[in-house]
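Q: turn this into a model:
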Amino acid sequence: MKTPWFDRTSPQLGFRFWGLAIPLILSNISVALLGLVDTAVSGHLPGAHYLGGVALGGSVFSFLYWGFNFLRMGTSGLAAQAVGRNDPASIRTTLAQALLLAGFCAAVLLLLQQPIIDLALHLFAPSAAVAEQTRLYFSVRIWATPAALANFVMLGWFIGLQKGRAALYLLLTVNGVNTLLDIWLVIGLGWGVEGVAAASVAGEFSGSLLALFLVRTVLPRYPGQWRMADLMDPASLKKLFHTHHHLFVRTMALLSVFAFVNAQSARMGDTVIAATAVVMNFYLLASFALDGLANAAEALVGEAVGASNRRYLLRVVKLSMVWGMVVALFFSAGYLLAGHHLYALMTDLPEVRRLLSELLPWAMVLPLVSFVGFLMDGIFTGATWTRDMRNTVLISSGLVFLPVWYLTLPMAVHGLWLSFVLFNLARGASLGAVFWWRLRNSAALTG
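A: Got it, this is the predicted structure:
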């Protein structure tokens, strides 16, 4: 019997891939589970406006924090390539430069917190009750920003260095502390949405303290000194900003789509935004698992690009795509078989449950149309092909998502989810097309 091509990779590659992917999948799922806990805790408060407030407040921070997720992605790719070049000085410099950039970004967000929430509420235009809860949530959680952005950097650095367990410990600490305090502050002490936000602040700072300790234990393996000349080196700074600014635009465009879905849902009423929050959490649960595979791929792809090893790069891509499809099928089947039970755990509001029954098919199809885009994100991040990532998201949102949404306005919330499904499909297809072009052009593959 002929051995399938994806089984002909060396056992060492398979072990390295899964040795990195498993802790990253677990850590990413913990993030999604936290979102489900936030939703469940607020979904059992007496009124849909509490769940809507947490959903919209969380959406604002998704836009802010994920907008600065380029700090994680860029740091991961640059650190992985430094590992491939066996360049310990660059490994150290990448971390220090990214932390300085994270500190500057956090200071800007704290200074602009009032205009940010005012603009967000103007754009979302929720009901007065939801707006009040959103503002309360935001006013507390914004103080987690310095720790959250520093965690992005250190998480990306751990991934680039293939320290999967360190990444797992960091995210489990953030999300574990957050989850426990969620339950205690909201259910035990009755703090409402402010308790959900305060739990997030405590979780982020707890994670930062642990991450700094882990960094200190890892650094001796990469000997060298912190030197101002290295931090201010024009070549490394140019590479840093070139990588990060494309990722920033890409991420903001991607999050604009998420924010648009939430904003349109809010305009359709409190029941729709509450149901959208639950379906989006189903999507994020699958996406975080797929992101674990993508994170493993980006570390190994970055190493391959740093070492200029084209054959190894292709083997990583093939392996990650096959397992990405398996994980996507697992989640879609799970939602098909147990989706009704899952959303019943999220809320006991009858009108929200009725709408969720109608929206469940969209949750089932999303993993299947999204996995290629998630895996390609990891591959392109590791290779630092960030310009391509930016362009494909702009094309998918401007030429697919918005036109489909506009043409399906009579379908109301179902048209909104159809446009989101096709957006994810277009993103994966366009990234795949660019990768195929690079595969046929050797110079572009390593450039």
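
Q: C-alpha from now on. contacts and neighbour counts both.
A: Noted.

Q: what number of residues lie near D291?
A: Applying other CA atoms under 10 Å, we find 26 residues neighbouring D291.

Q: from now on call the first residue 892
A: Fine by me, first position is 892 from now on; the one you just mentioned is D1182.

Q: does it really touch F1265, like I thought?
A: Yes: the criterion here is CA atoms under 8 Å, and D1182 meets it with F1265 at 6.2 Å.

Q: next, count neighbours for L1298.
A: L1298 has 11 nearby residues by other CA under 10 Å.

Q: gap between it and S1310?
A: 9 Å (CA to CA, to the nearest Å).

Q: ok, L1012 next?
A: 23 Å.

Q: ok, now L1002?
A: From L1002 over to S1310 (counting by CA to CA), the distance is 35 Å.

Q: more neighbours: those two, which one.
A: The neighbour count for L1002 versus S1310, taken as other CA under 10 Å, is higher for S1310 (23 against 10).

Q: residue contacts, the more buried one?
A: Contacts for S1310 (CA atoms under 8 Å, 6 or more residues apart in numbering) come out as V1291, F1292, L1293, V1295, W1296.

Q: need the per-residue pLDDT for the third one.
A: As predicted, L1293 sits at a pLDDT of 95.

Q: name the nearest residue to it, ignoring sequence neighbours.
A: S1310 (7.3 Å; CA to CA, 6 or more residues apart in numbering).

Q: quick one: what helix or strand has the one you found in it?
A: helix 1304-1331 (DSSP states H and E).

Q: what do you get for V1087?
A: Going by DSSP H and E, V1087 is in helix 1084-1109.

Q: so which elements touch that helix?
A: Applying 3 or more CA pairs under 8 Å, 6 or more residues apart in numbering; DSSP states H and E, one finds that helix 1084-1109 contacts helix 939-952, helix 1019-1032, helix 1036-1051, helix 1055-1073.

Q: apply 10 Å and report the result again.
A: When contacts are defined as 3 or more CA pairs under 10 Å, 6 or more residues apart in numbering; DSSP states H and E, helix 1084-1109 packs onto helix 902-934, helix 939-952, helix 1019-1032, helix 1036-1051, helix 1055-1073.

Q: where does the chain have low pLDDT?
A: 892-902, 918-946, 1016-1018, 1081, 1117, 1120-1122, 1124, 1127-1128, 1333-1338 (pLDDT under 70).

Q: mind redoing it with 50?
A: Within the chain, the segments meeting pLDDT under 50 span 892-900.

Q: between the helix or strand hosting S1156 and helix 1019-1032, how big is the angle?
A: Per DSSP H and E, S1156 falls inside helix 1125-1158. Angle, helix 1125-1158 to helix 1019-1032, by axes from the mean of the first three to the mean of the last three CA atoms, to 10 degrees: 150 degrees.

Q: list residues touching both of D1182 and F1265?
A: Residues touching both D1182 and F1265 by CA atoms under 10 Å, 6 or more residues apart in numbering: G1215.

Q: neighbours around the nearest residue to G1319 once chain neighbours are set aside, how many?
A: Distance criterion CA to CA, 6+ apart; nearest residue to G1319, sequence neighbours excluded, is G1264 at 3.7 Å. A count of nearby residues for G1264, using other CA under 10 Å, gives 24.

Q: isn't G1264 up against V1325?
A: No: using CA atoms under 10 Å as the test, G1264 is too far from V1325 to be in contact (11.8 Å).

Q: okay, and the common contacts of those two?
A: M1280.

Q: look up how far D1279 lies from Q1053.
A: 24 Å.

Q: more neighbours, the two?
A: Neighbour count, other CA under 10 Å: between Q1053 and D1279, Q1053 has more, with 26 against 20.

Q: my guess is the more buried one meets R907, correct?
A: Yes: between Q1053 and R907 there is a contact under CA under 10 Å: 8.9 Å.

Q: mutual contacts of those two, please.
A: A1187, L1191.

Q: residues in contact with L1322?
A: Contacts of L1322 (CA under 10 Å, 6+ apart): 1263-1268, 1270-1271, 1279-1280, 1282-1284, 1328.
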